[in-house]
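*Asks:* Below are the sequence and a predicted model; questions follow.
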Amino acid sequence: MSSPKPLPKYRNRKAASQYLLEVWGLQRSPNYLAKLAVTGGGPAFRKANRTPLYEDPGLDAYATSIIGPLVRSTSEVQNVAQPKTTGKAESHQAADLDTETA
């Protein structure tokens, strides 16, 4: 007879923020996690009515996705992350290119 599978532990935003700080050294406020829940790019979560709930594996996956590789010097960093440019300015540029070619 196998032992029952342990239930996942859910954390609210405040506890998720604390977990990221204590386990990964990442300072992400509950408000920032809320912003990421709206804009995307944050850890996966579930909703229980209005309450977002985070699981440790999702928080771990988020942390590992934003932490770079281990290097011994800044000259070893091959791919410097470039900020993504999205928004109105980019769509206006695309519209300008369309009108120039027409």
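*Replies:* Thanks, I have the structure now. Since this is a predicted model, take the numbers as computed values, not measurements.

*Asks:* any idea what sits nearest Gly58, other than its immediate chain neighbours?
*Replies:* Here the nearest residue to Gly58 in space, its sequence neighbours aside, is Ala44; by C-beta to C-beta, 6 or more residues apart in numbering that works out to 4.0 Å. Every C-beta, even on glycine, is put in place using the N, C-alpha and C of the backbone.

*Asks:* quick one: pLDDT of Ala37?
*Replies:* Looking at Ala37, its pLDDT stands at 97.

*Asks:* And for whichever strand or helix holds it, what's in contact with it?
*Replies:* Here Ala37, judged by DSSP states H and E, is contained in helix 30-39. By C-beta atoms under 8 Å, 6 or more residues apart in numbering, the residues outside helix 30-39 that reach it are Arg13, Lys14, Ala16, Ser17, Gly42, Pro43, Phe45, Pro52, Tyr54.

*Asks:* Pick out the most distant pair among those residues.
*Replies:* Farthest pair in the contacts of helix 30-39 (C-beta to C-beta) is Lys14 and Gly42. Separation: 14.7 Å.

*Asks:* Those two: who's more crowded?
*Replies:* In this view Lys14 and Gly42 are compared by other C-beta atoms under 10 Å, and Gly42 has more residues nearby, 21 against 11.

*Asks:* doesn't Gly25 make contact with Pro66?
*Replies:* For the record, residue 66 is Ile, not Pro. No: no contact is recorded between Ile66 and Gly25 when judged using C-beta atoms under 8 Å, the distance being 11.6 Å.

*Asks:* neighbour-wise, which of those two wins?
*Replies:* A count of neighbours by other C-beta under 10 Å puts Ile66 above the other of Ile66 and Gly25, at 14 against 9.

*Asks:* I'd like the distance between that one and Arg28.
*Replies:* Relative to Arg28, Ile66 is positioned 9 Å away (C-beta to C-beta, to the nearest Å).

*Asks:* And for Glu22?
*Replies:* Taken as C-beta to C-beta, the spacing of Glu22 relative to Arg28 amounts to 12 Å.

*Asks:* In terms of neighbours, single out the busier of those two.
*Replies:* Neighbour count, other C-beta under 10 Å: between Glu22 and Arg28, Arg28 has more, with 23 against 9.
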